[in-house]
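Q: Structure of the sequence below:
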Amino acid sequence: MLDIKFVRENPEAVKENIRKKFQDEKLPLVDEAIELDKSFRDAKNTADALRADRNRISKEIGMFMAKKQFEDAENAKAKVKEINDELIALEAKEEELSAELKKRMMVIPQMIGSEVPIGKDDSENVEREKFGEPVVPDYEIPYHVDIMESFDGIDLDSARKTSGNGFYYLKGDIARLHSAILSYARDFMIDRGFTYYIPPFMIRSDVVTGVMSFAEMENMMYKIEGEDLYLIGTSEHSMIGKFINTILSEDELPQSLTSYSPCFRKEVGAHGIEERGVYRIHQFEKQEMVVVCKPEDSDMWYDRLWNNTVDFFRSLDIPVRTLECCSGDLADLKVKSLDVEAWSPRQQKYFEVGSCSNLGDAQARRLGIRVKGKDGNYFAHTLNNTVVAPPRMLIAFLENNLNEDGTVNIPEPLRMYMGGKDKIVKK
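A: Next up, the predicted model:
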C-alpha cells in the first residue's frame with residue numbers, strides 16, 4: 001500500500017506505474033483516492049476545530065458557574081451539546097471516508113523498481129544469468145511420476161480417493177529423499193546465519209490482507225469455515241504477520257529468518273501434463289527465507305536471498321537460471337521479483353522452483369511494521385524467497401541425477417540425511 005501523501009503529490013507517476021503493469025482499469029482509483037483523502041482531511045480539520053471550540057466552551061461553563069452566571073452557563077452547555085451532535089456526524093463521515101480511501105489504496109499497486117523490465121505477462125520475463133551446464137543425456141528421462149513409481153515411491157491413486165486431484169502419497173526412499181532435502185535446506189540456511197522457525201500454519205484475515213493482494217488471496221487461500229482463519233500458502237505469511245503492529249528498534253534489524261511449513265494452495269486453472277504429478281499440487285512443504293530490514297538495505301538483501309537459492313541448488317549439482325519478472329507479472333505488492341528456474345533434462349527447458357521478492361514497505365504499511373529511528377518512526381522493508389519446495393524440486397533432482405540403469409545418485413550433502421546412501425535403486 002502506497003503512502004497517500006506520495007499519491008497526492010505524485011499522481012501522474014502513480015498512474016504511469018499502473019500503465020506499466022497493464023492495469024488501466026485501476027487508473028480512476030488514483031483520482032478517487034485523492035478526492036477521498038481531501039474530503040477526509042477537510043472533515044478531520046473541521047472536527048478538530050469543533051473539539052477545540054468544545055474544550056474552550058467547556059472551560060467557560062466552569063467560569064460562568066463560579067460567577068453564578070447560570071443563564072450563560074446553560075447557553076454554553078447547549079452549545080457544547082450542539083457541537084457534540086455535529087461531531088458525531090462528522091466522526092461517522094470520517095470513518096466512512098477513511099474506509100473508502102483504504103479500499104482504493106489497498107488496490108493501487110506498489111511502485112515497481114526502475115530496473116524492472118516492462119512486459120504484459122510471464123512470457124516477457126527476462127533471463128538474467130545461468131549457473132551450471134544444462135545436460136541432456138543420451139538415454140531417455142522418464143516423466144517424474146514414472147521415475148518415482150520405479151522406486152515404489154508415490155501413490156497418486158490412493159490420494160485421489162482420500163483427497164481428490166492435486167494430492168499425493170510419497171513413500172519409501174522418495175519420501176525419505178523429500179525429507180532429506182528439507183533437512184538439508186534448514187541446515188543450509190542456519191549455516192548462513194538465518195534463525196530457524198516453525199510458524200503457525202493458519203493465520204487471521206487481517207494478516208492475510210496485510211501480506212498479499214486481494215487477487216492473490218482469492219486465487220490461493222483456503223478459508224477455514226466458521227472461523228476467522230486461513231490455511232497459509234507459504235510460511236512467509238505467518239513470518240511477516242509475526243511483526244504485525246510492532247515497532248522495532250534499528251539495532252534489532254535485520255531480522256533474517258528461515259521457516260519450514262506445509263503450504264496449502266487452490267492452484268486455480270492448472271492444466272496440462274506438466275501440471276500433473278507433483279508439479280502443481282494443493283499441499284506441499286517448503287523452506288522459506290524472510291527478511292525485515294531498513295529500506296536502504298533491502299536491495300542488498302534481495303541479491304543475497306536469490307543467491308542463497310542458486311547456491312543451494314548448485315550444491316546439489318542442479319543447473320539453474322534466474323529470470324527477472326516483468327512489470328505485468330508482478331503481484332501488486334511487489335517492487336521487484338526474480339524467479340529461480342531449474343533445468344529439466346526431460347523437457348529440455350528450465351522451470352520455476354523458487355521466487356525471490358522485494359516488497360518494499362508495502363506489507364509493512366498494511367501490517368503496521370515500524371522501525372524506531374533517530375529522526376522518528378518509519379516503515380520497514382520486507383523480502384521473501386524460496387529456499388526449496390521439495391515436491392517440485394524433486395522433479396529437477398530426480399531428472400538431473402537419474403542414471404541410465406534407473407538408479408538415482410545422492411549428492412554428498414544429502415547422504416547424512418539418507419542414512420549414508422550414495423544411490424537409490426529400483427525396488
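Q: wouldn't Asp422 be in contact with Ile410 here?
A: Yes. Counting by C-beta atoms under 8 Å, Asp422 does reach Ile410; the two are 5.3 Å apart. Heads up, the C-betas are built off the backbone N, CA and C, glycines and all.
Q: So the two - more neighbours on which side?
A: Ile410 (22 against 12; other C-beta atoms under 10 Å).
Q: Show the pLDDT at the more buried one.
A: pLDDT for Ile410: 97.
Q: can you tell me which residues contact it?
A: By C-beta atoms under 8 Å, 6 or more residues apart in numbering, the contact list for Ile410 reads Leu177, Asn401, Met418, Lys421, Asp422, Lys423, Ile424.
Q: Could you report the neighbour count for the closest residue to Cys293 other than its chain neighbours?
A: Among residues not flanking Cys293 along the chain, Pro254 sits closest, at 3.9 Å (C-beta to C-beta, 6 or more residues apart in numbering). As a burial measure, Pro254 scores 17 neighbours (other C-beta under 10 Å).
Q: cool, Asp42 as well?
A: 13.
Q: residues in contact with the residue nearest to Leu229 when sequence neighbours are not counted?
A: Using C-beta to C-beta, 6+ apart and skipping residues adjacent in sequence, the residue nearest Leu229 is Met202, 4.5 Å away. By C-beta under 8 Å, 6+ apart, the residues touching Met202 are Ile224, Leu229, Tyr230, Leu231, Ile232.
Q: Select only the buried ones of those in PyMOL?
A: The buried residues among the contacts of Met202 can be selected in PyMOL (16 or more other C-beta atoms under 10 Å) with this line:
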select buried, resi 229+230+231+232
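Q: Output the contacts of Met202 as a markdown table; include the columns pLDDT.
A: Output for the contacts of Met202, formatted as a markdown table (pLDDT from 0 to 100):
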| residue | pLDDT |
| --- | --- |
| Ile224 | 94 |
| Leu229 | 95 |
| Tyr230 | 95 |
| Leu231 | 96 |
| Ile232 | 95 |
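Q: Would you map the helices across the stretch 51-200 of the chain?
A: Under the criterion DSSP state H, counting those that start in this stretch, helices of the stretch 51-200 of the chain are mapped to 70-105, 144-150, 156-162, 172-191.
Q: Any idea how far the second one is from the middle of the chain?
A: If I follow you right, that is helix 144-150. Relative to the centre of its chain, helix 144-150 is centred 32 Å away, using C-alpha atoms, centre = their mean, to the nearest Å.
Q: Also the third one?
A: On the basis of C-alpha atoms, centre = their mean, helix 156-162 is displaced by 31 Å from the centre of the chain it belongs to.
Q: could you give me the average pLDDT of it?
A: Per-residue scores along helix 156-162 average to 94.
Q: Does anything pack onto it? Which helices or strands?
A: strand 169-170 (3 or more C-beta pairs under 8 Å, 6 or more residues apart in numbering; DSSP states H and E).
Q: Which strands or helices does the strand it packs on pack on?
A: strand 154-155, helix 156-162.
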